[in-house]
Every structure is written in structure tokens, then in C-alpha cells.
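> Have a look; sequence and predicted model below, questions after that.
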Amino acid sequence: MSISADLLVKQSDSEERRIAERVPVDMRAGFRKQGYDAARADVSDISQTGCKVDSAMTLATGVEVWIKFPGFQPMLSKVVWARGFEAGCEFEEPFHPAVLENFLQRHRAA
């Protein structure tokens, strides 16, 4: 599998802006927002630049969170959209394509 860019033009402030292809995964990751204890979150998709999480915390756009994927240091991320406990998070530092490819070989959803 190769990771390809999926550039979208932002039409308005309410539309999402996707800059990398999302890949379905089925995994748990460490998750923490400032002022809260570390918890776990379900991750349902991931790309070089972000992921979708479902956590037990109510999240809001603009909140900084740390996501800890297996085998990696925690990644600082920002919530770019939120609906209740679900949120799209953008990584402060994107995954290198080869690193993400290797990670996906172990964690891709069936």
C-alpha cells in the first residue's frame, strides 16, 4: 500500500480540509488532554497528518491533546473538529510516509 496525498480545496470555514489519505485502523492508543489523567481512546482512522479518535472525554475544536501510539512517543495534536466524544486530531509533526507505512502493516483494520 502506498500513502498518497488527497488534497482538498477548502470551500468555507465549516468544510473540513483533508491533506492526506485516511486509512482505516482498529486500535487503542494512549490519550490525554491538559488537566486530565491519561486515558485510552479508540482510533478508527489515521493519516500522515492526523487521526480520528473516540474517547471518554468531551472534546472541543482547538484543544491540544497527546496521543500515544504503540511503539511511539506521545504525539502532540490539536482537535480540528469534534462531535461529542469523537474528534479529528491533527498531529503537530506528521508521520514520515515510510514510518506510517510500517505502522499500518501492523495495525490496519481488517
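Perfect, I can see it now. Keep in mind it's a predicted model, so treat the numbers as computed, not measured.

> Check which helix or strand the nearest residue to S77 once chain neighbours are set aside maps to.
Nearest-residue entry for S77: C89, 4.0 Å, with adjacent residues in sequence omitted and distances by Cβ to Cβ, 6 or more residues apart in numbering. (Glycine included, C-beta is placed from N, CA and C.) Using DSSP states H and E, C89 maps to strand 86-91.

> same question for the very next helix or strand once past that strand, mean pLDDT?
Sequence order places helix 97-107 as the next helix or strand after strand 86-91, per DSSP H and E. Averaged across helix 97-107, pLDDT comes to 91.

> buried ones in helix 97-107?
The neighbour-count check on helix 97-107 (16 or more other Cβ atoms under 10 Å) flags L100, F103, L104, H107 as buried.

> Also stretch 51-63?
C51, K52, V53, S55, M57, L59, V63.

> Put the alpha carbons of it into PDB.
Output of stretch 51-63 as PDB, limited to C-alpha atoms (Å, rounded to 0.1, in the frame of the first residue of the first chain):
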ATOM      1  CA  CYS A  51      -6.400  10.600  13.100                       C
ATOM      2  CA  LYS A  52      -9.900  10.100  14.300                       C
ATOM      3  CA  VAL A  53     -10.400   9.200  17.900                       C
ATOM      4  CA  ASP A  54     -13.300   8.200  20.100                       C
ATOM      5  CA  SER A  55     -12.500   8.900  23.800                       C
ATOM      6  CA  ALA A  56     -14.400   9.100  27.100                       C
ATOM      7  CA  MET A  57     -13.700  12.800  27.200                       C
ATOM      8  CA  THR A  58     -15.700  15.600  25.700                       C
ATOM      9  CA  LEU A  59     -13.500  17.500  23.200                       C
ATOM     10  CA  ALA A  60     -13.700  20.900  21.600                       C
ATOM     11  CA  THR A  61     -12.100  22.300  18.500                       C
ATOM     12  CA  GLY A  62      -8.700  23.900  19.200                       C
ATOM     13  CA  VAL A  63      -7.900  21.700  22.300                       C
END
